[in-house]
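> Predicted model and sequence follow; I will ask about them next.
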Amino acid sequence: PFFSANPFSGLPPGLAVARARRMNLGTTINQLLPTGTQLSLSYNEARTKSNNSFALNPAYSPSLVASVTQPLLRGFGLDVNLAALRNARSSARQSEATLVETYMGAALAVEQAYWNLITSEEQLRSQKRSLESALKLLRDTRKLRNYGRASRLDVTVAKSGVATRREGLIIAESNLEAAHDQMVRLVRPTGDASKWDMFVVAVDLPNLTQEPDLNPVESVQKALNRRPDYYRAQLALDNAQRDMLVAENNALPALNLIGSWTQEGLGGQHHSSWSALGSGRFYTWSVGVNVELPLFLRSERAAVRQAKILIERAEISLRSVEANVVLDVRSATRDIRTSKARIEAARAARILSKERLEATRARVESGAAVRREVLDDLAAVANAETSEVQAYVNYRLAISRLRQATGTLLDDSLDVLDDRVRKVLERQE
């Protein structure tokens, strides 16, 4: 406190305490550089007014402070300071890879539903033909019964055959409806039940198409360059390695080089204080080193151990995906060869089953065979026709599975898909 009895207090007579009113205005801009350098620029201005006659009233005191902090151990380097940003970008690419994998699964599911629809239609046509043949056999047997050339048991066997074919026809119609609903659900999903009765016409038939390259070594290499799940596992390993780098860096001592420059001004008016600030005469500067030596580093060492475990887990996951890639490619290649061989076998079985049916009918006419054998041969013909169509379908699906295994299933649709799909498949940043 100042006492008014002191002639040098500068206070008006009768006052014992100086009173002052101070207003401050300040702002700070901070910037962290990729190297770990921390830049700071602060501006502060104060206005002070008091009842002291020896003080500058009012007093304006602006100041400008620039400081630089450069880590030399902990927090130093591009890899450490950009790790969080790079991990975030990598996580985004992992999500995009998951999206591409979902697209592939959806494309294969639609194709499989389409071929199931084709197979169901063929089964229905085959059951209709089988029923027509069974009805013709029943009519012929009844005529022969009227002429005394067939027994009552023959008529009963023919009726049983008709009943069995009708049951097969009902099942085939139900399967076709189920295949139709599955196709609509995948292509035009809607909650309006009235729109599910749309008429679906199959355009493409499961004919032989150009066989892809069946070299497993080249296919595996292509898969490693294109598969989204393998790309996602690689990105996860990169993230774990960056986390390991950051954890090891955090365990280092802190050694920071610090420098600051302060420019000050003072004046009885705002513009005069700024003139003093801009003159460059009133400044202070400092340079120093800040050292921090942690004693036990328990949490930091625990973080390093955890990062090592995450790297091992990511490496195991990557090797597992690599093994799955080889397995998928080999399995799809084997399925293509097997399906193509089955097509020839199924075609021969269909032709031979029809020839056997005609021979059995001729034998029945001559009395060398019973009519029950005709029904057995009708069932064999229906099964052979369905098996042939299924062999073609399996061949086309095996080709699509190989394209999925090598990551090329969406290549024909890249122009209509999101650009992120192309970036993932082509490994673009």
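Thanks, I have it. Numbering: from 1, shown residues only.

> quick one: Asp415 is in a strand?
No: counting by DSSP: H, G, I helix; E, B strand; the rest coil, Asp415 is not found in a strand; it is coil.

> That one: neighbouring residues, count only.
Neighbour count for Asp415, taken as other C-beta atoms under 10 Å: 6. Any C-beta I mention is one placed from the backbone N, CA and C, and that applies to glycine too.

> same thing with the one 10 residues further on?
Other residues near Leu425 come to 23 when the count uses other C-beta under 10 Å.

> Quick check, it in contact with Gly407.
Yes: with contact defined as C-beta atoms under 8 Å, Leu425 reaches Gly407; the gap is 6.2 Å.

> Now the common contact residues for these two.
226, 228 (C-beta atoms under 8 Å, 6 or more residues apart in numbering).

> As a check, name the ranges of all strands in the stretch 51-200 of the chain.
In the stretch 51-200 of the chain, the strands defined using DSSP state E, counting those that start in this stretch lie at 59-71.

> Low-confidence stretches in it?
Along the stretch 51-200 of the chain, the model assigns pLDDT under 70 to residues 53-55.

> hmm, try it at 80
In the predicted model, the stretch 51-200 of the chain carries pLDDT under 80 at residues 51-57, 148-150, 194-195, 198-200.

> Helices of the protein, start to end?
78-81, 83-146, 152-187, 216-226, 228-250, 270-279, 298-366, 372-406, 419-425 (DSSP state H).

> any chance of those in a markdown table, plus distance to Thr35?
Listed next are these as a markdown table, based on distance: least, C-beta to C-beta, whole Å:
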| stretch | distance to Thr35 |
| --- | --- |
| helix 78-81 | 6 |
| helix 83-146 | 13 |
| helix 152-187 | 52 |
| helix 216-226 | 34 |
| helix 228-250 | 13 |
| helix 270-279 | 31 |
| helix 298-366 | 22 |
| helix 372-406 | 42 |
| helix 419-425 | 29 |
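
> ok, Arg142 - contacts?
So Arg142 contacts 150, 155, 158 (C-beta under 8 Å, 6+ apart).

> Surely the second one and Leu138 touch.
Yes: shown here, Val155 and Leu138 form a contact pair, counting by C-beta under 8 Å, at 7.5 Å.

> So between those two, which is more surrounded?
Leu138 (19 against 16).

> Quickly note the distance from the residue nearest to that one when sequence neighbours are not counted to Glu358.
Computed as C-beta to C-beta, 6 or more residues apart in numbering, the closest residue to Leu138 that is not its neighbour in sequence is Ala158, at 4.1 Å. Counting by C-beta to C-beta, to the nearest Å, the gap from Ala158 to Glu358 is 18 Å.
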